[in-house]
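>>> return atomic coordinates for the entry below.
(one chain, ligands or ions: 1)
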Amino acid sequence: MTAITRDDLAARDAADPLAAFRERFALPDGVIYLDGNSLGALPKAVKDRIAKAVAEEWGHDLIRSWNLHDWFSLPSRAGDKIARLIGAQAGEVVVADSTSVNLFKLLAAALKLRPGRTAIVSEPGNFPTDLYVAQGLGELVGGIEVRLAEPEGLADAISDDVAAVMLTHVNYKTGRVHDMKAVTAMAHDAGALMLWDLAHSAGALPVDLNGADADLAVGCGYKYLNGGPGAPAFLYVAHRLQDDIRPPLSGWMGHAAPFEFDIDYRPAEGIARNLCGTPAILSMVGLDTALDLMLEADMSEIRAKSIALCDTFAALVAQECAGHGFELASPPAPERGSQVSFRHEDGYAIMQALIARGVIGDFRAPDLMRFGFTPLYIRHVDVFDAVAILKEIMESGTWNAAEFHARAAVT
Ligand SMILES: Cc1ncc(COP(=O)(O)O)c(C=O)c1O
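Residues are numbered from 1 along each chain as shown. Take a look at the predicted model:
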């Protein structure tokens, strides 16, 4: 195999149809940001939009902004934008709460839709919040088993006592992608509902919820959608199920007529019944603006560049850092999302040393180094430069300094 050079990669950047998007982000100098799978970078337009919402809408127009600036419909307007990124129709997605809370809401709704069924199936490698929410809900309802199976064992685990199968489409550690259509069909064959967590999918790769006949889904606003720290999450309910859903968090924002202040709960029509309380408007305007930017890009170009960036990174680590103990933990495309992970027994310290040199990825215990590639603002040469820095750190042994071994509360 011929060696990859920086010039090769600069040529790819020159021909990159997404190159102009980088300018639209406020990236700090001297940083190669490979953690957009955890917290997306700041779009410049979001900074301006939030400033305007603070100064003009909140500061000047005050409570009138609910109507003047249409704050009230923001959850569904932003939801309709997300729908276009995940293969859903307008009216099937709403922005609300956090991913964890939305998981609770939809999982609880799924149990009600499948009375008499007593199991929720997931996998041990799912993100912990998904598993914790299922466990908590199971305890609350009583008599619910949270059954965990490795991907290869899902077919056996999904039997006719299962109410819902809940999986994260792109694994948060390895980036491994489930076959959404095949797994959804497996759930349906057993009479179960399928709930997808799209935290590492939305905005990162093409998703076709309708094409897969998915029932329910949730996802994050602050990762590849670049909505900002703690940005609200979203939830999806297929049109065909919406009228049957009885929301477990039956708050006033999901009421059919919130401003009638009726003492009895009546669910709103459609997806809006899945709202609960007053939305976090400042965060939501940020996410809404970030979505406009995302929707300007072509998802097939995003995916093609993401695959190229990830392939190049994996190949360069093999080329430049052979013998330093890195073990590739991600599958090749197309079974990989927009991240590449390596196992290394000293992964924590090496990641800290990389961050000190401006290459920001993250670490997941016990030994996983994660590198996320966001095609809208990462260049091919960034991949080359990041691996060059990794090589220097490994060859010089600077990663082994005591300061890089001290664990921070958030890694
Ligand atoms: C798959 C998955 N689900 C959910 C979450 C987080 O949920 P929340 O935003 O409620 O903290 C994450 C966070 O990284 C995640 O990776």
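
>>> which parts of the stretch 201-350 of the chain are helices?
For the stretch 201-350 of the chain, the helices defined by DSSP state H, counting those that start in this stretch cover 239-242, 281-296, 299-320, 347-356.

>>> pLDDT (mean, whole number) over the shortest one?
To tie it back to what came earlier, the one meant is helix 239-242. What helix 239-242 shows for mean pLDDT is 98.

>>> repeat for the second one
Here helix 281-296 scores 98 as its mean pLDDT.

>>> now the angle between helix 299-320 and it, please.
Going by axes from the mean of the first three to the mean of the last three CA atoms, to 10 degrees, helix 281-296 is angled at 90 degrees with respect to helix 299-320.

>>> again, but for the last one
Angle, helix 347-356 to helix 299-320, by the same axes, to 10 degrees: 110 degrees.

>>> skipping adjacent residues, who's closest to residue 22 in space?
The spatially closest residue to residue 22, leaving aside those adjacent along the chain, is residue 377, at 4.7 Å (CB to CB, 6 or more residues apart in numbering). Bear in mind the C-beta positions are built from the backbone N, C-alpha and C, glycine included.

>>> that neighbour touches residue 44, doesn't it?
No: when contacts are counted by CB atoms under 8 Å, residue 377 is not listed as touching residue 44 (11.1 Å).

>>> next one: the helix or strand bottoming out on mean pLDDT in the chain to chain centre, how far?
In the chain, no helix or strand scores lower on mean pLDDT, DSSP states H and E than strand 362-364, which sits at a mean of 94. Offset of strand 362-364 from its chain centre (CA atoms, centre = their mean, to the nearest Å): 16 Å.

>>> partners of that strand in the sheet?
If you go by DSSP bridges, strand 362-364 pairs up with strand 368-372 (antiparallel).

>>> so the closest residue to residue 114 other than its chain neighbours, which state does it fall into?
Nearest non-adjacent residue to residue 114, counting by CB to CB, 6+ apart: residue 163, 3.8 Å away. The three-state assignment at residue 163 reads strand, by DSSP: H, G, I helix; E, B strand; the rest coil.

>>> number of residues surrounding residue 163?
Neighbour count for residue 163, taken as other CB atoms under 10 Å: 23.

>>> now swap in residue 130 and tell me
25.

>>> give me the phi and psi angles of it.
Taking degrees, to the nearest 10, you get phi -60, psi -40 for the backbone angles of residue 130.

>>> which residues touch it?
103, 122, 166, 168, 197 (CB atoms under 8 Å, 6 or more residues apart in numbering).

>>> how close does it sit to the ligand?
Relative to the ligand, residue 130 is positioned 6 Å away (criterion: CB to the nearest ligand atom, to the nearest Å).

>>> that residue and residue 346, how far apart?
29 Å (CB to CB, to the nearest Å).

>>> and the helices of the stretch 201-350 of the chain as TSV, adding mean neighbour count and distance to residue 135?
As requested, the helices of the stretch 201-350 of the chain are exported to TSV (neighbours: other CB atoms under 10 Å; distance: least, CB to CB, whole Å):
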stretch	mean neighbour count	distance to residue 135
helix 239-242	14	24
helix 281-296	21	28
helix 299-320	19	33
helix 347-356	22	28
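
>>> phi, psi of the residue nearest to residue 372 when sequence neighbours are not counted?
Residue nearest to residue 372 in three dimensions, not counting chain neighbours: residue 37, with 3.0 Å by CB to CB, 6+ apart. Here is the backbone geometry of residue 37 (degrees, to the nearest 10): phi -80, psi -10.

>>> quick one: residue 37 and residue 223 touch, right?
Yes: if you go by CB under 8 Å, residue 37 and residue 223 touch, sitting 5.7 Å apart.
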